[in-house]
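Attaching a predicted model along with its sequence, questions to come.
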Amino acid sequence: MALLGAIADDFTGATDLASMLVGQGMRVVQLIGVPQASDPVPDADAIIVALKSRTAPVHEAVADSLAALKWLQGADCKQFFFKYCSTFDSTDRGNIGPVADALVDALGCGFALACPAFPVNGRSVYQGYLFVGANLLNESGMENHPLTPMKDANLVRVLSRQTDATVGLVSYATVQHGAMAIRGAMTVLKEQGRRYAIVDAVTDDDLFAIGKAAAKHALITGGSGVAIGLPANFRAAGLLPEAEDPGALPDATGHCAVLAGSCSRATLFQIGTAKLHVPTLELDPLATPDAHALAAQAIAWMDGKLGDTPIVIAASGTPEKVAALQAQLGRDAAGALVEATLAEIAEALVARGVRRLVVAGGETSGAVVQRLGVTRLRIGDEIDPGVPWTYAEGSGPALHLALKSGNFGARDFFLKAFGMGVPE
Ligand code: ADP
């Protein structure tokens, strides 16, 4: 029986939530895209449907989210979670507000809390303002995001622009008094007719208290952080037995490889560290702007190199290199070229016996998972915060996959994933 049913607005975000829940003792399966009505319900305590709805047209994001909710209701989930990014990635048109509105409406619950705080990764909310480390969201670099520039850190205002409903705040003055106080404040806001409450949180203790306060809520919305307190509610209700090893996966065998398509700083550092220790190929899409030709270069290069030591194949470039390719092809075509290249290389790696694969980049992960025909991921233990190993199944051979959001992971992540971490 699944207890928690979650809908995530992107792939690596879904995995991040999954990892949080495994860390709190739940057995978790992540499904790729809206499941078919006939798809079997996996044996798990939490099921997460990973959508690509963060920047999709609003009507599409809403329709997919509602379809996912319906399937999760059919799977008998007791509580629902709408997962978005801990930097509240959205625009004035959505998609956080419209999707949350549709879910609140479908569940008939009238109210949901909204909390993107994720203290271990530096995201905190105070007086409704979202901070990334010591900086306000709109001074964190997120104001320059190509798709969802976040130019306002006040989440009450940001969410208000995305919904007809009114948005309240449960401020830190209340949150610090714990679950009872938070629950009381949310009840008052709901009675005042507010559909949402942004809830302040600075530490994991705050998030545990918020989770406890929301034990009876049909819907919770937020980053993966606020899910930290939910498994304890199910345990307290006698619904979640202690699992000895909730992240247990089948044994990992087969060749090892890393594919990187993220151009985020953390990933560029990780490639720099990896190439000091393991065979690393850096593709040059500007010199060869052709997916098949680039993939052919990589396939020729990998010959004789596959085994227990990982190889790294990266298309990632510095901001200057990315800008140059985008100037030549246009932004979408540049991204599509690199994604198609890495997807083709992933297929070739699997055909040659790779069964332990790390993919860096959210969009890149989406492209790879789609090409490999993966439909479900059982979530294993974390390599670094927010990035677990998973056991991927679908139309191709089963394999161990780690899908890394571009900015996640320590410098030696590509080595550490294969048990070869090096001191920082
Ligand atoms: P992140 O998780 O860091 O945002 P993504 O994979 O989501 O990473 O996004 C990175 C995007 O950049 C992808 O669309 C990828 O295809 C594209 N990309 C990767 N390398 C290059 C490059 N050298 N030039 C232009 N675009 C690139």
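Yes, it's here.

Tell me which residues touch residue 396, please.
By CB atoms under 8 Å, 6 or more residues apart in numbering, residue 396 lies in contact with 350, 372-374. Yep, even glycine has a C-beta here, placed from its N, CA and C like the rest.

want to throw those into a markdown table with secondary structure and distance to the ligand?
What follows is the contacts of residue 396, written out as a markdown table (DSSP: H, G, I helix; E, B strand; the rest coil; distance: CB to the nearest ligand atom, whole Å):
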| residue | secondary structure | distance to the ligand |
| --- | --- | --- |
| 350 | helix | 19 |
| 372 | coil | 16 |
| 373 | coil | 19 |
| 374 | strand | 16 |
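
Generate the PyMOL command that creates a selection of the buried members of those residues.
Listed next is the PyMOL selection for buried residues among the contacts of residue 396, using 16 or more other CB atoms under 10 Å:
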select buried, resi 350+372+374
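
List just the nearest of the contacts of residue 396 to residue 62.
Comparing the contacts of residue 396 against residue 62 with CB to CB places residue 374 closest, at 25.2 Å.

Next one: that closest one relative to residue 348, how far apart?
Residue 374 is 16 Å from residue 348, where distance means CB to CB, to the nearest Å.

Reformat the contacts of residue 396 as a markdown table; add pLDDT.
Below are the contacts of residue 396 laid out as a markdown table (pLDDT from 0 to 100):
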| residue | pLDDT |
| --- | --- |
| 350 | 98 |
| 372 | 97 |
| 373 | 96 |
| 374 | 96 |
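
Can you classify the closest residue in space to residue 44 that isn't next to it in sequence as helix, strand or coil?
Nearest residue to residue 44 in three dimensions, chain neighbours excluded: residue 29, at 4.1 Å (CB to CB, 6 or more residues apart in numbering). Assigned by DSSP: H, G, I helix; E, B strand; the rest coil, the conformation of residue 29 is strand.

my read: residue 29 touches residue 379, true?
Yes: using CB atoms under 8 Å, residue 29 is in contact with residue 379, at 7.1 Å.

Look at those two and report which has more neighbours.
residue 379 (29 against 21; other CB atoms under 10 Å).

who does that one bridge with?
Beta bridges link residue 379 to residue 390, judged by DSSP bridges.

State the distance from it to residue 211.
Distance, residue 379 to residue 211, using CB to CB: 19 Å.

now swap in residue 68 and tell me
With CB to CB as the criterion, residue 68 and residue 211 are 22 Å apart.

what do you get for residue 285?
In this structure, residue 285 lies at 44 Å from residue 211, with CB to CB as the measure.

Tell me which of these two has more neighbours.
The neighbour comparison of residue 285 against residue 211 (other CB under 10 Å) goes to residue 211, with 26 against 22.

Which strand or helix spans that one?
Residue 211 is located in helix 204-213, with elements delineated by DSSP states H and E.

so how many other residues sit close to the residue of the stretch 251-400 of the chain found nearest the ligand?
Going by CB to the nearest ligand atom, the ligand is nearest to residue 361 of the stretch 251-400 of the chain, at 2.4 Å. Residue 361 is flanked by 29 other residues according to other CB under 10 Å.

Just to check, it is in contact with residue 268?
No: Residue 361 is beyond contact range of residue 268, at 11.4 Å (criterion: CB under 8 Å).

tell me, what's touching those two both at once?
Common neighbours of residue 361 and residue 268 (CB under 8 Å, 6+ apart) are residue 316.

per-residue confidence at the residue in the chain positioned nearest to the ligand?
Residue nearest to the ligand within the chain (CB to the nearest ligand atom): residue 406, separated by 1.8 Å. Model confidence at residue 406, given as pLDDT, is 87.

Quick one: residues contacting it.
Neighbours of residue 406 in contact, by CB under 8 Å, 6+ apart: 262-264, 266-267, 360-362.

OK, contacts around the residue nearest to residue 19 when sequence neighbours are not counted?
With CB to CB, 6+ apart as the criterion, residue 19 has its nearest non-adjacent residue at 4.2 Å, and that residue is residue 388. Residue 388 is in contact with 15, 18-19, 22, 247, 379-382, 402, counting by CB under 8 Å, 6+ apart.

what about burial for the residues you listed, which qualify?
For these, buried by 16+ other CB under 10 Å: 15, 18-19, 22, 247, 379-380, 382, 402.

among those, which two are most distant?
Farthest pair in these (CB to CB) is 22 and 402. Separation: 13.4 Å.

Tell me which residues touch residue 35, please.
49, 68, 71 are the contacts of residue 35 under CB under 8 Å, 6+ apart.
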